[in-house]
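Undergrad: Quick one: sequence and predicted model below, then my questions.
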Amino acid sequence: MNIGCIVEYIDQQKIVSAVILSERKGKLRLLNENSREVNFSEKRLSHISQLSLDTALSKTALVNHLKQVTETRKRLAETIDIRELWEILHDEPQGIDLDAMTLFCFDPPLTPDHEAAVVRAFFNDRLYFKVNNAVFTPCTPEQVEGKKRQIKDGERREGLIAKGAQWLTLMQAEKLPETPVPVDPGVIEILKSYYLQGSDSHFTAVAKQMLKKSDLSAPEQLFKIFVKAGIWNVDENIDLLAMQISTTFSDTVLGAAKRLGETQSHVFKDPQRRDLTDIPLITIDGQSTQDYDDAISLENTENGYRLGIHIIDVAAYIKSGDPIDMAARYRASSIYMPDDKLPMIPPSLSEDLCSLKEGQTRPGISTLVKMNRFFEILEYDIVPSIIRVHKQMSYTEANLLNGKNDPITSLYKIATLLREKRLKAGGIQITLPEVNVWLEDNREIRYAKIDRENPSRMLVSEMMILANSLMAEFLADHNVPAVFRSQAPPRQRLFKGIETALMPNFLQRKQLSRAIIGIKPELHAGLGVKAYATATSPIRRYHDLLTQRQIKAILGIGKPYSKIELEEILQTIAVPMANSGRIQGARKRYWLIKYLETMRGKNFETLVLDCHRDHYNILLKEFMLEARLPHSGLKLKVGDILHVTIQHADARRNQLSLFAA
C-alpha cells in the first residue's frame, strides 16, 4: 500500500478520511482529517482510494486536502437514493460489487470520490442492503420490515432512556414542584422491574442507562425516589412485588363469592350429612382471628367420651376448577403479616360463609373419636356433618378455664396423654417460644412473646395432630392419594420428652430431617405418627382443601383427584406455597428490625447459636431474632449468653449491627 494514499476508516460510527504516512507489515500510521495521527490495521479500512497526497506537504496542508475530499464525498453521497436503488434491485438475488454499484449511482466519468461516496451512502443508510467486503446484497422485503421495527424499537428505547433520566434527575432535587412531575408509565415499570429483579429484569440495560444519565450510582437509590414520588410508601412490601403476589381478587372471583352466599342453602339438605348441631362445639384461637376453620367438642358417653374435631367443609362451597378455586390454587396459602393479611379465598368466604362463626350453622367434616374413661382411643369415624359453634374462645380465655371447667380441663388431659403417646413413639417436641408482631391503628409496632406450650395452645395443637393423623390413616386404608407430610427420623436425638431450654431445642432442630410433601402415606418421625395428612386448615392452605376433597370422595361426595392430577397440582402450588412462607418470615423480621431502629444504645441478652470464621450467629432472646455479631476479639462458644448493644438497625436493608455490651 502506497505512502500518501487516501483511505477511509470507521471510528465511533463515523467515516473518517486519512492519508497514509507509513506502512509496515499491514500496520499503518495515518494522519486523519481531524489532524490526529493514529495507528491502524490495513484490514480495518473501509475504503482505499487511488488518490494520493504528497506527504512532504505540511501537516496543515494535508489536513486541509483531506477535509476537502471529505466534503466532496459527503455531497456526492447525499445525491444517492438508497431506497430507489433497492426498489430497482431487491429482486436481484446476487450481490453487487462496488464498481457495479458505483455505475448504478453515478454517470461516467467516475472518480475514486464517487466510489467512496457510495461506501458512505450505504454506511449511513443500512436499512435496505447488507454490505460485506464491498459487496452490496439487497435485503428481502421481510428483512427490511424487520429492520424498520428494530429502528422504531431503538428510537423508542432511546426516548424512554431520555425520559427516565430526566424524571430521575428532577426527583433528586431537594424541593419538588408543587404539581406532580409527569412521567411516562413505561419508565416507572422499567425502573420498578430493575429495582425488584435486578439483573434478572428484561429491562436491565435500559434501566442502567437511565441511572447512568441521571448520575445515580446504585439501584438501591430508586426506592427513596419512588417513596418521594408517592409511588411506594416507606414500608412498601417489596417481597410481594418481587414475587408478583396478587393482593386483590378479580371481579370474577368476587362475583362468584357473592353468588355462593346467596345460593348455598342446598348444602344442608344433603342426606349424607349427619346433623351434629346439638353438640356444643368450641373454637380456640388468637384474639385477632377472623377465619375459624376448626372446632372441638367433648361428650360424655356411657363408657367414656366422644371427642370431636370438626373442620369447616370449604369444599362444599368451592368446587374444583371454578374461579374461586383457581384463585386459591394460584395463592396456595393465606399470608399473615404484621401489617396485612392476604387470604387464600375472598374475605366474604374466609371470614363468613366458610368460617365457623359462633351460632352459625355450617357444613363440616367431623372426626369423631370414641374413648374409654381413661381417654384411650377405641375407634373413630369420619363423617360429613352439619355443625354449629356454641362458644368461641381465645387462648387466654381457655387457659383461665383450665382446671375449673369441663370440657376444657378434660380436653387438656386428653391432649397431654396424646402428646405423651407421640413422644413415646419417637416424636420430638420443639418448644421454642414465638414472637407475634402487629401494628396498631396508629402504625405503632407492638410485639408479644408467646409460649406455644401453654395449655390452650398445646391442647389445640394436639387435637389437630390427632385429626390429621386419623384422616391420614383413613385415606391410607382406602388407598386414596392425598397431601401427606412425612419426615425421616432425626440424624441425632438430643433429648427425650419436653425440654424447655432454648439451646437444646435449637440444636435438636438442626438435627431434624427435612419434611417431605407427597401423595403417599409415610412415617412422620418428628410427630411420632405412622402417617400424617394436612387437612385441618382448608380456609388457609390449598393442601388441606385438596385433602378434604379426597376424604369427601371416600364418603361418597364428589370425585377424587387421580394420582397424576394431584401430583400436577402439587407441582403447580409448590412455588407459591414456598413464597408465602418466605414473605411471612421476611415481613415479620422487617417489622422487628423496624422496632429496633428506635432502640439504638439499648442492651439485650443474646444466645450464641453458631460460631463461624469471622462472626457469630446469635439470637436476641427478647425477639427470637437471629443476627450476626463480628468476632471483634471475642472468644465465645455455642450456648454462651452475651449482652449486646444495638448500634444500628435498618429494616429496609435488613441490617442489624450489634456490639458486645
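TA: Perfect, thanks for sending it. Numbers count the residues shown, from 1 in each chain.
Undergrad: Assess the claim that M503 and G639 are in contact.
TA: Yes. M503 is within contact range of G639, at 4.7 Å (criterion: CB atoms under 8 Å). (C-beta placed from N, C-alpha, C; glycine too.)
Undergrad: for the chain, which strand is longest?
TA: strand 377-394 (DSSP state E).
Undergrad: Helices along the stretch 51-200 of the chain, start to end?
TA: Counting by DSSP state H, counting those that start in this stretch, the stretch 51-200 of the chain has helices at residues 59-78, 82-89, 98-105, 112-124, 141-171, 185-197.
Undergrad: Using CSV, list the CA coordinates for whatever helix or strand comes next after the last one.
TA: Scanning forward in sequence from helix 185-197 by DSSP states H and E, the next helix or strand is helix 204-213. What follows is the C-alpha trace of helix 204-213 in CSV, where atoms were taken according to Å, rounded to 0.1, in the frame of the first residue of the first chain:
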residue,chain,number,x,y,z
THR,A,204,-31.8,-4.1,33.0
ALA,A,205,-29.8,-2.5,30.1
VAL,A,206,-32.4,0.3,29.6
ALA,A,207,-32.7,1.0,33.4
LYS,A,208,-28.9,1.1,33.8
GLN,A,209,-28.7,3.8,31.1
MET,A,210,-31.4,5.8,32.8
LEU,A,211,-29.5,5.7,36.1
LYS,A,212,-26.2,6.5,34.4
LYS,A,213,-27.6,9.5,32.6
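Undergrad: Following element in sequence after helix 204-213, please.
TA: Assigned by DSSP H and E, the successor of helix 204-213 is helix 221-228.
Undergrad: Taking their axis directions, that following helix and helix 204-213 sit at what angle?
TA: Relative orientation of helix 221-228 and helix 204-213, computed by axes from the mean of the first three to the mean of the last three CA atoms, to 10 degrees: 80 degrees.
Undergrad: Mind listing residues that contact the following helix or strand past helix 221-228?
TA: Using DSSP H and E, the helix or strand that follows helix 221-228 in sequence is helix 238-242. For helix 238-242, the surrounding residues in contact (CB atoms under 8 Å, 6 or more residues apart in numbering) are K192, L196, Q197, F223, T247, R582, I583, A586, R587.
Undergrad: Give me the phi and psi angles of the most centrally placed residue in the chain.
TA: Centroid-nearest residue in the chain, with CA atoms, centre = their mean: M243, separated by 2.3 Å. M243 adopts backbone torsions of phi -90, psi 0, taken as degrees, to the nearest 10.
Undergrad: if I pick the closest residue to L459 other than its chain neighbours, what's in contact with it?
TA: Computed as CB to CB, 6 or more residues apart in numbering, the closest residue to L459 that is not its neighbour in sequence is A415, at 4.4 Å. The neighbourhood of A415, defined by CB under 8 Å, 6+ apart, consists of M458, L459, S461, E462, M463.
Undergrad: Closest one of those residues to E155?
TA: Of all these, E155 sits closest to S461, with 63.0 Å by CB to CB.
Undergrad: name the element that closest one belongs to?
TA: helix 455-477.
Undergrad: shaky segments in the stretch 51-200 of the chain?
TA: Within the stretch 51-200 of the chain, not a single segment meets pLDDT under 70.
Undergrad: Which elements pack onto the longest strand of the chain?
TA: Applying 3 or more CB pairs under 8 Å, 6 or more residues apart in numbering; DSSP states H and E, one finds that strand 377-394 makes contact with strand 274-275, strand 281-285, strand 304-312, strand 361-372, helix 455-477.
Undergrad: got the contact list for stretch 618-632?
TA: With CB under 8 Å, 6+ apart as the criterion, stretch 618-632 contacts 432-435, 447, 449, 502, 506, 589, 592-593, 595-596, 604-609, 614-617, 642, 644, 656, 658-660.
Undergrad: Just to be sure, which of those are found in helices?
TA: Taking DSSP state H as the definition of helices, these contribute L502, F506, R589, L592, I593, Y595, L596.
Undergrad: how close does the fourth one get to I445?
TA: Using CB to CB, to the nearest Å, L592 is found at 8 Å from I445.
Undergrad: repeat for the fifth one
TA: In this view, I593 and I445 are 10 Å apart by CB to CB.
Undergrad: And the two? Which one has more around it.
TA: I593 (22 against 17; other CB atoms under 10 Å).
Undergrad: Could I get the CA-only coordinates of stretch 601-618 as CSV?
TA: The C-alpha coordinates for stretch 601-618 follow below in CSV (Å, rounded to 0.1, in the frame of the first residue of the first chain):
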residue,chain,number,x,y,z
GLY,A,601,-28.0,2.1,72.5
LYS,A,602,-30.3,-0.4,74.3
ASN,A,603,-28.9,-3.6,75.7
PHE,A,604,-30.4,-7.1,75.1
GLU,A,605,-29.5,-10.6,76.2
THR,A,606,-28.5,-12.9,73.4
LEU,A,607,-27.7,-16.6,73.0
VAL,A,608,-24.8,-17.8,70.8
LEU,A,609,-26.2,-20.3,68.2
ASP,A,610,-23.2,-20.8,65.9
CYS,A,611,-19.6,-19.9,65.6
HIS,A,612,-18.2,-19.0,62.2
ARG,A,613,-14.7,-17.9,60.9
ASP,A,614,-15.5,-14.2,61.1
HIS,A,615,-18.7,-13.9,63.0
TYR,A,616,-21.1,-15.4,65.5
ASN,A,617,-24.7,-16.2,64.8
ILE,A,618,-26.7,-15.0,67.8
